[in-house]
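>>> what follows is a protein structure lacking sequence information:
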Ligand SMILES: Nc1ncnc2c1ncn2[C@@H]1O[C@H](COP(=O)(O)OP(=O)(O)O)[C@@H](O)[C@H]1O
Ligand SMILES: O=P(O)(O)OC[C@H]1O[C@](O)(COP(=O)(O)O)[C@@H](O)[C@@H]1O
Ligand SMILES: [Mg+2]
């Protein structure tokens, strides 16, 4: 994708005339390895060859505006009514973000009125616009101890103009949208409708996705908590499969278009023999097909553990007429066929026909990985994202998402956040690690596959390291 410097420019509502309550905190701060001052920028690229490819002088290099408190702010805090909405699928840390926003707005900026819109953008429709939650530090004090979102969430389309009417009627001049690709799309439309009416309302996005499929963000919040939970299911299935003759362990994990959860959860336990992700197609039949490889694995090792992202193998399902072409959910997301069930049935049938007696242990943890409480790492991450989102809004930034990029918190214009999807690169080092861990990448020169340590107490793998793709 060709980037122009203008694509990286953050929209400002106007000149910042008000002294920030945090001005003293940043008054003497200069750029250092640990702080990016207001006058500095965060480079988009961090390798010499990436810079070289741009062929630009340093001031032309693509960079992001750094996040953080400013000396001067755009909004007079006494006149601010903030709104918060959480939308799309759940993700660990949503409550942490809400809590961080409310605490920073009230404690640091002394904002008096914060409205929580219920059940995603549905809460901004005419029908629901008055059913809001008054958010105060007391209300949010302990909410980070639970998963989910105290505001509720939803899928499904709403009219941008109707939602702008709601913001005007409720006096909201700063709106925080915590959402994924869909939510950021909706926020972009909302911001455009606000701009078309010439209204002074800031829209700030806090990108959320356990699929980790949003670009320009190192790793989305909640992802770590979700894949840690997913890893526990892989361990369970691995223990079950290894305790059964001809054991087949299958774990299906979320990941509509991106296989990050499957990759990271598999690496976390190193118990998976085969990892299937949407980005790397596979075949069922044939010498190199999945069924033959599963059979080889079971014959060699005694059992096999397969981790499959839900979006993997959709073409395989389509070939078998098991996919409702074009079907979408209320938000327009593609409805997937069930690759987990197909694997369970075809593998079982294939191994039985091959004279084995498979015992299949199949787990689809589904929502159990995304409804968990954020772990300590994600809680810190969420809090810092929330603080920076508040600083961005108070400084009059709009149509902007707050993200962490190469360990720095930065402002990314919303159109960039929805410009494409973050996917596992089949040529990248993450997939290489998965291949290494599943034993499929490196083979001795005599053609033997390398042994891979099995789980404690399980028979050691005897060659035939297998990897998808
Ligand atoms: N392309 C889009 N344009 C405008 N609004 C969208 C778009 N996609 C989704 N939305 C809205 O954003 C909200 C959240 O989207 P959804 O896809 O369900 O979750 P997520 O934000 O997690 O991706 C829904 O209310 C949906 O209607
Ligand atoms: O049943 P739901 O709510 O549609 O959720 C399922 C989907 O939500 C996801 O977690 C992603 O959702 P978001 O785009 O909302 O983050 C996918 O992995 C999964 O396919
Ligand atoms: Mg989405």
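Sure thing, it's come through. Remember, predicted model here, so these are calculated numbers, not experimental data. Numbers count the residues shown, from 1 in each chain. Ligands and ions are numbered 1, 2, ... in the order given.

>>> any idea how far ligand 2 is from residue 323?
15 Å (Cβ to the nearest ligand atom, to the nearest Å). C-beta here means a position set from N, CA and C on the backbone, and glycine is covered the same way.

>>> how many neighbours does that residue have?
Neighbourhood size, residue 323 [other Cβ atoms under 10 Å]: 19.

>>> grab the nearest non-local neighbour of it.
residue 337 (4.2 Å; Cβ to Cβ, 6 or more residues apart in numbering).

>>> these two touch, right, the one you found and residue 319?
No: the pair residue 337 / residue 319 is not scored as a contact, 10.7 Å apart, by Cβ atoms under 8 Å.

>>> those two: which is more packed in?
In terms of neighbours (other Cβ under 10 Å), residue 337 is the more surrounded of residue 337 and residue 319; the figures are 23 against 12.

>>> which pLDDT value goes with that one?
If you check residue 337, the pLDDT there is 95.

>>> and residue 83, bridged to which residues?
Under DSSP bridges, the beta-bridge partners of residue 83 are residue 115, residue 175.

>>> surely it meets residue 175?
Yes: contact criterion Cβ under 8 Å: residue 83 and residue 175 qualify, at 4.5 Å.

>>> so who does residue 334 touch?
256, 327-328 (Cβ atoms under 8 Å, 6 or more residues apart in numbering).

>>> among these, which are in reach of ligand 3?
Filtering the contacts of residue 334 for proximity to ligand 3 by Cβ under 5 Å from the ion leaves nothing.

>>> interface residues of this protein facing ligand 1?
87-89, 120-121, 155-158, 179-183, 185-186, 189, 331-333 (Cβ under 6 Å from any ligand atom).

>>> those in helices, which ones?
Among the residues of the chain next to ligand 1, DSSP state H puts 181-183, 185-186, 189 in helices.

>>> from the residues you listed, list the buried ones, please.
Buried by 16 or more other Cβ atoms under 10 Å: 181-183, 185-186, 189, out of those.

>>> could you find the closest non-adjacent residue to residue 22?
residue 69 (3.9 Å).

>>> residues in contact with the one you found?
Per Cβ under 8 Å, 6+ apart, neighbours of residue 69: 20, 22-23, 25-26, 391.

>>> could those residues go into a markdown table alongside secondary structure?
Shown next, in a markdown table, are the contacts of residue 69 (DSSP: H, G, I helix; E, B strand; the rest coil):
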| residue | secondary structure |
| --- | --- |
| 20 | coil |
| 22 | coil |
| 23 | helix |
| 25 | helix |
| 26 | helix |
| 391 | helix |
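
>>> can you pick out the most distant pair from the residues you listed?
23 and 391 (11.8 Å; Cβ to Cβ).

>>> how near is the residue nearest to residue 22 to ligand 1?
28 Å.

>>> report pLDDT for that residue.
For residue 69, pLDDT reads 98.

>>> also the one 10 residues further on?
At residue 79 the predicted local confidence, pLDDT, stands at 98.

>>> so it sits against residue 171, correct?
No: at 9.3 Å, residue 79 does not count as touching residue 171 under the criterion of Cβ under 8 Å.

>>> mind listing the strands for the stretch 301-450 of the chain?
For the stretch 301-450 of the chain, the strands defined by DSSP state E, counting those that start in this stretch cover 303-309, 359-363, 397-398, 400-405, 408-413.

>>> ok, back up a step: in three-state terms, label the residue nearest to residue 22 for me.
coil.

>>> the closest residue to ligand 3 within the stretch 1-150 of the chain and residue 12: what is the separation?
Relative to ligand 3, the nearest point of the stretch 1-150 of the chain is residue 88 (5.3 Å; Cβ to the ion). Distance, residue 88 to residue 12, using Cβ to Cβ, to the nearest Å: 27 Å.

>>> beyond the lowest-mean-pLDDT helix or strand in the chain, next helix or strand please.
Here the helix or strand of the chain ranked lowest by mean pLDDT, DSSP states H and E is helix 48-54, holding a mean of 89. Downstream of helix 48-54, the next assigned helix or strand under DSSP states H and E is strand 63-66.

>>> quick check: residues of the stretch 51-200 of the chain near ligand 2?
Counting by Cβ under 6 Å from any ligand atom, the stretch 51-200 of the chain sits next to ligand 2 at 88-89, 180.

>>> low pLDDT regions in the stretch 151-300 of the chain?
By pLDDT under 70, the stretch 151-300 of the chain has no low-scoring segment.

>>> quick one, which of residue 23 and residue 391 is more surrounded?
residue 391 (25 against 14).

>>> where does the closest residue to ligand 3 within the stretch 351-469 of the chain fall, phi/psi-wise?
Residue of the stretch 351-469 of the chain nearest ligand 3, by Cβ to the ion: residue 421 (9.4 Å). For residue 421, the backbone dihedrals are phi -100, psi 140 (criterion: degrees, to the nearest 10).

>>> right, I'll call it a day here.
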